[in-house]
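Trainee: Predicted structure and sequence below. I'll ask about it afterward.
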Amino acid sequence: METNTRIIRKRIHKQIPISELLQRPLLKPTDVCRILGVSRSKFEVWKSEGQFRFEKLDGMIFVPRSELHRLFPNDFKQSL
């Protein structure tokens with residue numbers, strides 16, 4: 001069962017517009033999943049296959065937003 005804090009964090013996270021997420025230089029896995037419309041398990045499959053570059057900072061995984069352009073050049077502008 002989820003704690004109240006976790007439920008509140010999920011609700012707050014969902015309220016951040018995707019356009020704002022795309023301004024961040026490093027994206028959390030949940031952000032990438034939301035932007036691409038894929039499940040977290042699909043993200044983990046792509047990560048384990050080496051489909052994109054990621055960075056681990058203080059034990060947390062981040063994906064540079066430039067990876068979105070590299071993977072999906074027709075969907076994301078170079079300026080991202």
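Mentor: Sure, I can see it.

Trainee: correct me, but residue 68 touches residue 35?
Mentor: Yes. Contact criterion Cβ atoms under 8 Å: residue 68 and residue 35 qualify, at 7.0 Å. The C-beta positions use only the backbone N, C-alpha and C, and glycine is treated the same way.

Trainee: Now the common contact residues for the two.
Mentor: Common neighbours of residue 68 and residue 35, using Cβ atoms under 8 Å, 6 or more residues apart in numbering, are 22, 27.

Trainee: if you skip the residues just before and after it, what's nearest to the most centrally placed residue in the chain?
Mentor: Centroid check for the chain by Cα atoms, centre = their mean gives residue 32 as the closest residue, at 2.1 Å. Spatial nearest neighbour of residue 32, excluding adjacent residues (Cβ to Cβ, 6 or more residues apart in numbering): residue 63 at 5.1 Å.

Trainee: How about residue 55?
Mentor: The nearest residue in space to residue 55 (Cβ to Cβ, 6+ apart) is residue 62, at 5.0 Å.
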